[in-house]
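A.B. asks: sequence and predicted structure, then a few things I'm wondering about:
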Amino acid sequence: MSLMMSRVLGGLESGRVAADLSEALARIERTIGVNTHYSSFDLVGARRWLEEFGACASSSSSLPREISVDGNVILQGKSIPIRTYNPSAVDTLVFAHGGAWCIGSIDTVDVLCRWIALRTGIRVVSLGYSLAPEAPFPQAILECSEFISTVLRDAAKTGARVFVAGDSAGANIGAMSLLRLTSSERSQVTGFISLYGAYARKMNLSSHRLFGDGRFGLSSAQMEWFWEMYAPHSINADPAQLTPLEATLNDFPPTLCVATECDMLLDDTLAFYSRLAAANVEVSLSLWPNLSHGCLHLVDQVESVTRAATVIVTFIERSRQRPTISPAAAMIPPSQSGPGGSAGRRHLLARRPHAGTTDAIARSIMVGEFRPGSQLLNEDDASAAYGVSRSAYREAIRTLSAKGLIVALPKVGTRIAERASWQILDPDVLEWRLAHNPDANFIRDLFELRNTIEPSAAEMAAQRRDDDDISTLAGALAVIARSDPSSSEWLRGVVEFHRAVLTSSKNEAIASLWLSVEATIKWAVGLHARLPGLKLVRDPVADHARVFDKIASRDAAGAQSQMRRMIEAAYLDALANLERLQHEFA
């Protein structure tokens, strides 16, 4: 499922490393020489070359040195080197370096870890885990997992946030280390950052075949060599022990997946992203056009890399704003989450222990089992009925009250609110209404809202967009053009395209309405995916291409008109799909 970033319409070349990154790599190669050790399978030489590469990148960096201290920790009975940046900070990010499990160290990722620490202000701890083949699988995972557990225990005492991150093979080690934790421990991890991870052991994905010749540094033969040194004869081993692509991911932490276009391992990240999305994990995907595997070694020195890397900072900062979950609350077993479950929750309720109860009550409201004005059970009876603690039930009631669905008054009790009080544009309320018995009038209301917001956003985008906006729109259009309308890739492309239009408007008020637009788009596309045989009113690929063309050519009136036509066609498709679905299940 290789994503070849076609940006021809935007005037950009696909599959080519950015000029500033290419120049920086050429400068380093002139200093330390071209890496030929991978092709000759020279492990000692490869280790030496990567250390020299890291040293060269570090010497060219202007990032301050005084924010870090070196030390050691005992893990699995061994003394393991660590480097801590911002040691007095409270929140922590544990970083596992890349290097195909066999090379690399805390020195080779020094610039990246230093940059993250400076940009976010959190404590970054880079872990120098034991390398293969001297310490083969699963030694590095065991060490990293033990270290994360220790950090989590310390963080639980202060309420600190804990992130885990890794690049390339380090992303694999980080992910597998999280899967070795208990479910309670995983629930305390604020987020995981996967940077161009190495996940596909069988090396059978499209990007492996397309880029396996080594044109972007790595080759299929090299990766097979490294995999075999890391986990000898693993091709026949239990794949769930080697890669998250084969593991159960239902309670995996919220994740940011980063992939670079010019990378043999591009599809590893796309596969990981797809597996997380299928497991209803809160996951974001960031695709970096014209950048190559390992580019983050040159963050803060190469503009194209630094600009792309800001998504890491954004992910950390936004994740730190979320409410924390106490270890005690996290230990409530899934069987006690109440009827209905919480699969698919992506907004304010994601990963909270009262989410199942909140969903169950909201569903009863949406389908009419609980009517406006009717009174809910008292706290003791309700918590028993839903199989949760009184505190979890109270949290569910507070959440629903904040969304306007219920009214809780002293000495009166808890009643279902009138529909006029519902926070109808709240993302969770929207999802509940769309998931449970939506009617044609409500669908009309939502598409009228879209037809008010998006044409204006397209008009502004045509006037205010920049080159980065065009690149994002073109990349999303490429996904739409190459995907089946019933696939998750299609949905991702459509969502990214419309999000990019609102963002390109450079209007904060309009952009703030995105979650309402997103919920409607996901419902409509998901409805069609359940009925793939239905003929669409118009060609949605052509419709998106026309909007893109008008924005790219700065035709404001044309962009507004084309967006309006596309939404009107999508509305007719949604009505037809809804009618057919209701008829089939009547």
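C.D. replies: Now that the structure is in, tell me what you want to look at. Numbers count the residues shown, from 1 in each chain.
A.B. asks: closest to the centroid, which residue in this structure?
C.D. replies: residue 284 (1.9 Å; C-alpha atoms, centre = their mean).
A.B. asks: where does the closest residue to that one other than its chain neighbours land in three-state SS?
C.D. replies: Nearest residue to residue 284, sequence neighbours excluded (C-beta to C-beta, 6 or more residues apart in numbering): residue 256, at 5.1 Å. C-betas here are computed from N, CA, C, even on glycine. Under DSSP: H, G, I helix; E, B strand; the rest coil, residue 256 falls in the strand class.
A.B. asks: pretty sure residue 256 contacts residue 287?
C.D. replies: No - the pair residue 256 / residue 287 is not scored as a contact, 11.8 Å apart, by C-beta atoms under 8 Å.
A.B. asks: which stretches in this structure count as strands?
C.D. replies: Assigned by DSSP state E, the chain shows strands spanning 68-75, 78-85, 92-96, 123-127, 162-167, 191-195, 255-262, 283-292, 406-409, 413-416.
A.B. asks: tell me which other helices or strands the last one touches.
C.D. replies: On a contact count with 3 or more C-beta pairs under 8 Å, 6 or more residues apart in numbering; DSSP states H and E, strand 413-416 meets strand 406-409.
A.B. asks: just the fifth one next, same as before
C.D. replies: Under the contact criterion of 3+ C-beta pairs under 8 Å, 6+ apart, the helices and strands touching strand 162-167 comprise strand 92-96, helix 139-158, helix 169-180, strand 191-195, helix 303-320.
A.B. asks: give me the contacts around the last one.
C.D. replies: Contacts of helix 303-320 from elsewhere in the structure, counted by C-beta atoms under 8 Å, 6 or more residues apart in numbering, are 18, 20-21, 91, 93, 115-116, 119-120, 122, 161, 163, 165, 190-191, 193, 195, 254, 256, 258, 284, 286, 288, 290-291, 295-296, 298-300, 468.
A.B. asks: same question, the fourth one
C.D. replies: Strand 191-195 is contacted from outside by 93, 98, 163-168, 170-171, 174-175, 178, 252-258, 269, 272, 296, 312, 315-316, 319, using C-beta under 8 Å, 6+ apart.
A.B. asks: and the residue lying closest to residue 269 once chain neighbours are set aside, how far is that from residue 291?
C.D. replies: The shortest distance from residue 269 to any non-neighbouring residue, by C-beta to C-beta, 6+ apart, is to residue 259 (3.7 Å). Going from residue 259 to residue 291 by C-beta to C-beta, to the nearest Å gives 9 Å.
A.B. asks: any regions of the stretch 201-350 of the chain where pLDDT drops low?
C.D. replies: 234-237, 323-350 (pLDDT under 70).
A.B. asks: okay, now residue 296: neighbour count?
C.D. replies: 29 (other C-beta atoms under 10 Å).
A.B. asks: distance of it relative to residue 539?
C.D. replies: From residue 296 across to residue 539, the span is 39 Å (C-beta to C-beta).
A.B. asks: who's in contact with the closest residue to residue 560 other than its chain neighbours?
C.D. replies: Distances taken as C-beta to C-beta, 6+ apart place residue 459 nearest to residue 560, at 4.0 Å, with adjacent residues excluded. Counting by C-beta under 8 Å, 6+ apart, residue 459 touches 556-557, 559-560.
A.B. asks: most surrounded residue in those?
C.D. replies: Neighbour-wise, the contacts of residue 459 (other C-beta under 10 Å) top out at residue 559, 30 neighbours.
A.B. asks: that one and residue 539: what is the separation?
C.D. replies: Taking C-beta to C-beta, one finds residue 559 at 18 Å from residue 539.
A.B. asks: before we move on, what about residue 405?
C.D. replies: If you go by C-beta to C-beta, the gap between residue 405 and residue 539 works out to 39 Å.
A.B. asks: need the contact list for the residue nearest to residue 269.
C.D. replies: 3, 196, 266, 269-270, 273, 285-288.
A.B. asks: now swap in residue 137 and tell me
C.D. replies: Residues in contact with residue 137 (C-beta under 8 Å, 6+ apart) are 101, 230-231, 234, 241-242.
A.B. asks: Serialize the residues you listed to TSV and add fields for distance to residue 34 and neighbour count.
C.D. replies: Formatted as TSV, the entries for those read as follows, by distance: C-beta to C-beta, whole Å; neighbours: other C-beta atoms under 10 Å:
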residue	distance to residue 34	neighbour count
101	23	28
230	25	26
231	29	19
234	30	17
241	36	16
242	31	22
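A.B. asks: just the ones of those residues in helices?
C.D. replies: In helices, defined here by DSSP state H, the members of those are residue 230.
A.B. asks: farthest pair within the contacts of residue 137?
C.D. replies: Farthest-apart pair in these is 101 and 241; separation 14.0 Å (C-beta to C-beta).
A.B. asks: nearest residue to residue 566 other than its sequence neighbours?
C.D. replies: residue 543 (4.0 Å).
A.B. asks: hmm, residue 562 and that neighbour touching each other?
C.D. replies: Yes - Residue 543 is in contact with residue 562 according to C-beta under 8 Å; the separation is 7.3 Å.
A.B. asks: return the helix or strand in the protein with minimum mean pLDDT.
C.D. replies: Lowest mean confidence among the helices and strands of the chain (mean pLDDT, DSSP states H and E): helix 327-330, at a mean of 34.
A.B. asks: can you list phi and psi of residue 215 for me?
C.D. replies: Main-chain dihedrals, residue 215, degrees, to the nearest 10: phi -60, psi -20.
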